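> Provided below for reference: sequence and predicted model.
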Amino acid sequence: MSKPAEKPEVVQLPADPAPAAPASARRAAQQRVREARDRLTSSSGTRPAFDTELLRQYAQTRLSASFVVMLLVVATGVLFGFWMKPVSAAAWTCGMLCIHAAIIRSCAQFLGEPPSLAATRKWRTRFVLLDLLYGLTWTAILIRPAGLDVASNTLMMFLMLLVIAVSSMLAASLPIAALAATAPVTAAIALNFILSGTLDNYVLAVLAIAAEGYFALLAHRLHSTTLATLEARAEKDALIGELEQAKAISDEARHRAESANVAKSRFLAQMSHELRTPLNAILGFSEVMKSEIFGAHSVPVYKEYSADIHNSGVHLLNLINEILDLSRIEAGRYELNEEAVSLVNVVADCHHLLKLRASSRGITIHEVFEIGMPKIWGDERAIRQIVLNLLSNSIKFTPQGGEIWLKAGWTASGGQYLSVKDTGSGIPEDEIPIVLASFGQGSNSIKSAEQGAGLGLPIAKSLVDMHGGTFTLKSKVRIGTEVIITFPPERVMSALGPMMEEAPPLQPEYENVTDEKRRPRRKPIMSAGTGL
C-alpha cells in the first residue's frame, strides 16, 4: 500500500512593509497626540505649561496694579462714609485692604515658587477663592445705598461698572477668577434694583446684567488673545529647538564627513605610494620586454602580451593620478603654482601631443586662435591638464572621420576663452549634471569601448573654478559637444606703463661736508679702475 502524500508545508511570506509616512504627516500626528495629552492633564483644557504661564501673568498683573486697587478701595470707603456710619465705612475699608494684601502676598509667593503641575492647580483654586471673597466684599458695600434716590442709584451703578471693569482687566488671564470677582457684585446690584419695583430700576438692572456680560466677553477675548500669543511663542521656541537640533546634527555630520575625508586622503596618499612602487616595475620591465632590448622573444605573441601589460600599467597609473588630483582638489589641498602662461601655446602643445592619436582615428583637428593674445596669470600644469582632458574626451567620443575645433580668443569682458567643439555623439541634456559629477558617466560613455573613470570633466571644472573662471558644457545628441572655459580679465596680463617717479641716484650726495675724503667723486661710476 502506498503511503499517503505528505501535506505540503505552507509558508506565509512576510507582508511588505508599510510605506513610511512623510515627515509632515508624522509631525502632524505627533502634534495631535501632544495636544490630546495636554488637554487630559490640564485643568483648563490647554497645555499645562500654558496654565502656569497664565497664572504667572495673572499674578504679575495683580502686583503691578496693587497701588491702583488700593486707591480705589480707599476712595470708595471715604465716599461711602457720607452715606453710612464712618465706623462701618472704615471697617469695610480695612477688611478690603486686608483681602487685597492677602491676594498680593499670594501672588508674590506663587511667583517665588518653582512651577509644577500640582502647585499650579493649588494656586489656581486659591486665586479663585480670593477673588470670590474680593467680589463678595465689594457686594457688601455696594448694595447699602440703593434706594429711591437717583443720585445714589447713579453712584452705585458707576461704582459697579468701575469695579467690574477693573476686576475683568486684572483677571483676564484667569477668566474664572474674573467671573468670581464680578458675578456677585452684578447679581447683588441687579437684585437690589429689581426689588425696588420701579421701571427705572428695572432698566438699571438690565444694564447691570448687560455690562457684566460685556466685560465677561471682553475678558474671554483677552484670555484667548493671551493664549494665542503663548501658543505662537511655544511654536517659535519649538521651531528654534528643532533648528538647533538640526544644526547640531548637521555639525556632527560635517565633523564626521571631515574626518572621513581626512581618512580618505590619508588612505589615498598611502595607497598611491604602495601602488606606484609596483607599477614602476611593471611599466619598466614590460617596456623592456616590449622593446626586446635583451633579444627577441622565442614566441612572438609574448611581445604583444608585453605591450598589453605596459598599456594597462600606463592606464592604471593615469587613473591613480586622476583620483589623487581629485582628492586633493576636494580636500582644498591643491595649490596653484601661478606664473605667466600663454594660453595659445599650451593649447598648441596639447594638440601636438594628441595629434597622432587623432590621426590614427581619422579625426581632423582645426585651430582657430586670435593673434597677439597676451599671457594669463595661472598654473601652467593645471591649464595643460584642463586642455588635455577636454581634447582627450573629444577624441574619444568623436567617430572616425569627425572633426574637432580648438578656439582661443577674447571674451566680451576682456578675459580669454578656450573652446573645444567636436562632432561626436553628444550628451543628453538630462545627463549633463551626471557627467560633471565625480565618477559620473553618461550612457554613451558606458556603451563606448573606451570607458574611463569619469574624472576628466570634474577635474577640469574644479581647476577652472580655482582660477576664478567659468565652465560651460553644451551638447546635443548626434550633433556634437562644445566645452567653453573662460578666464577672468583679472588674470590677463597687460603691458606695464612707465614709472613716473625719477630713479634714485646711484650714489648718495653729501651736503656741507668739509672733509675732502667724504666729497663725492666727479668722475662717472663706470670709469672706475680705467685710469680716466
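On my side now, so go ahead.
> shaky segments in this protein?
Along the chain, segments meeting pLDDT under 70 span 1-49, 144-152, 265, 268-270, 272-273, 330-333, 438-440, 442-454, 495-532.
> what do you get if the cut-off is 50, keeping everything else the same?
Counting by pLDDT under 50, the chain contains low-confidence ranges at 1-20, 40-45, 145-148, 449, 495-497, 513-532.
> could you pull out the strands for it?
Per DSSP state E, the chain carries strands over the ranges 338-341, 364-369, 376-379, 403-410, 416-422, 470-476, 480-487.
> what's the closest of those to Glu431?
Across those, Glu431 has its closest neighbour in strand 470-476 (8.8 Å, Cβ to Cβ). (Glycine included, C-beta is placed from N, CA and C.)
> what residue is smack in the middle of the chain?
With distances taken as Cα atoms, centre = their mean, the residue of the chain nearest its centroid is Lys247 (8.0 Å).
> state the distance from it to Arg254.
To Arg254, Lys247 is 10 Å away according to Cβ to Cβ, to the nearest Å.
> so Glu367 makes contact with Asp349?
No. Using Cβ atoms under 8 Å, Glu367 is not in contact with Asp349; the gap is 11.9 Å.
> contacting residues around Glu482?
With contact set as Cβ atoms under 8 Å, 6 or more residues apart in numbering, Glu482 has these partners: 419-422, 473-475.
> can you rerun that using 6 Å?
Neighbouring residues of Glu482 by Cβ atoms under 6 Å, 6 or more residues apart in numbering: 421, 474.
> please tell me how far it sits from Leu222.
For Glu482, the distance to Leu222 equals 70 Å [Cβ to Cβ].
> ok, now Asp325?
69 Å.
> one more: Val347?
Taking Cβ to Cβ, one finds Val347 at 78 Å from Leu222.
> neighbour count: those two, which is higher?
When neighbours are counted by other Cβ atoms under 10 Å, Val347 and Leu222 differ, and Val347 comes out ahead with 23 against 17.
> mind listing what His351 touches?
Ile365.
> the chain should start at 670 in everything you say after this.
Let's use 670 as the start, then, which means that last one is His1020.
> now the phi/psi pair for the residue lying closest to Lys972 once chain neighbours are set aside, please.
In space, and not counting its chain neighbours, Lys972 is closest to His966: 5.4 Å by Cβ to Cβ, 6 or more residues apart in numbering. The phi and psi torsions at His966 (degrees, to the nearest 10) take the values phi -70, psi 150.
> I'd like to know how far His966 sits from Leu1059.
Taking Cβ to Cβ, one finds His966 at 39 Å from Leu1059.
> okay, these two: which has more neighbours?
Leu1059 (27 against 14).
> hmm, that one is touching Ser1088, no?
No. Leu1059 is beyond contact range of Ser1088, at 9.4 Å (criterion: Cβ atoms under 6 Å).
> just the CA atoms of stretch 987-996, as CSV, please.
Below are the C-alpha coordinates for stretch 987-996, written out as CSV (Å, rounded to 0.1, in the frame of the first residue of the first chain):
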residue,chain,number,x,y,z
ASN,A,987,46.8,57.7,-15.1
LEU,A,988,43.8,56.6,-13.2
ILE,A,989,45.6,56.8,-9.9
ASN,A,990,46.9,60.2,-10.7
GLU,A,991,43.4,61.5,-11.6
ILE,A,992,42.0,60.1,-8.3
LEU,A,993,44.8,61.8,-6.3
ASP,A,994,44.3,65.1,-8.1
LEU,A,995,40.5,65.0,-7.5
SER,A,996,41.0,64.1,-3.8
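> residue contacts, Leu780?
Remark: with contacts taken as Cβ under 6 Å, 6+ apart, Leu780 is in contact with Ala728.
> make it 8 Å
725, 728-729, 732.
> can you lay out those residues as CSV showing neighbour count and distance to Leu824?
Shown next, in CSV, are these (neighbours: other Cβ atoms under 10 Å; distance: Cβ to Cβ, whole Å):
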residue, neighbour count, distance to Leu824
Arg725, 17, 36
Ala728, 23, 32
Gln729, 14, 32
Leu732, 14, 30
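> okay, and which of these map to helices?
Applying DSSP state H to those, the entries found in helices are 725, 728-729, 732.
> and the residues you listed, which two are the farthest apart?
Farthest apart among these by Cβ to Cβ are Arg725 and Leu732. That separation is 10.7 Å.
> now the strands of the chain in JSON lines, with distance to Ala932?
Formatted as JSON lines, the strands of the chain follow (distance: least, Cβ to Cβ, whole Å):
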{"stretch": "strand 1007-1010", "distance to Ala932": "31"}
{"stretch": "strand 1033-1038", "distance to Ala932": "43"}
{"stretch": "strand 1045-1048", "distance to Ala932": "28"}
{"stretch": "strand 1072-1079", "distance to Ala932": "41"}
{"stretch": "strand 1085-1091", "distance to Ala932": "36"}
{"stretch": "strand 1139-1145", "distance to Ala932": "29"}
{"stretch": "strand 1149-1156", "distance to Ala932": "33"}
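> closest to Gly804 out of these?
Nearest of the strands of the chain to Gly804, taken as Cβ to Cβ: strand 1139-1145 at 78.4 Å.
> buried stuff in the closest one?
Neighbour-count burial for strand 1139-1145 flags 1139-1140, 1142-1144 (criterion: 16 or more other Cβ atoms under 10 Å).
> that strand to strand 1085-1091, inter-axis angle?
Between strand 1139-1145 and strand 1085-1091, the angle comes out at 20 degrees (axes from the mean of the first three to the mean of the last three Cα atoms, to 10 degrees).
> quick one: strands adjacent to strand 1139-1145?
strand 1149-1156 (antiparallel) (DSSP bridges).
> centre of the chain to the partner strand, how far?
The chain centre lies 33 Å from the centre of strand 1149-1156; the measure is Cα atoms, centre = their mean, to the nearest Å.
> and stretch 841-860, by the same measure?
Distance of stretch 841-860 from its chain centroid, counting by Cα atoms, centre = their mean, is 52 Å.
> can I get it in CSV? Just the C-alpha atoms.
Only the C-alpha atoms of stretch 841-860 are listed here, as CSV (Å, rounded to 0.1, in the frame of the first residue of the first chain):
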residue,chain,number,x,y,z
ALA,A,841,-8.3,88.5,32.2
SER,A,842,-5.6,85.8,32.3
LEU,A,843,-7.8,83.7,34.6
PRO,A,844,-11.4,84.1,33.3
ILE,A,845,-13.0,82.0,36.1
ALA,A,846,-11.4,84.3,38.7
ALA,A,847,-12.7,87.4,36.9
LEU,A,848,-16.2,85.8,36.9
ALA,A,849,-15.9,85.0,40.7
ALA,A,850,-14.9,88.7,41.4
THR,A,851,-17.6,90.3,39.3
ALA,A,852,-20.6,88.0,39.3
PRO,A,853,-21.6,88.5,43.0
VAL,A,854,-21.4,92.3,42.6
THR,A,855,-23.6,92.3,39.4
ALA,A,856,-26.1,89.8,40.9
ALA,A,857,-26.5,91.8,44.1
ILE,A,858,-26.9,95.2,42.3
ALA,A,859,-29.4,93.8,39.8
LEU,A,860,-31.4,92.1,42.5
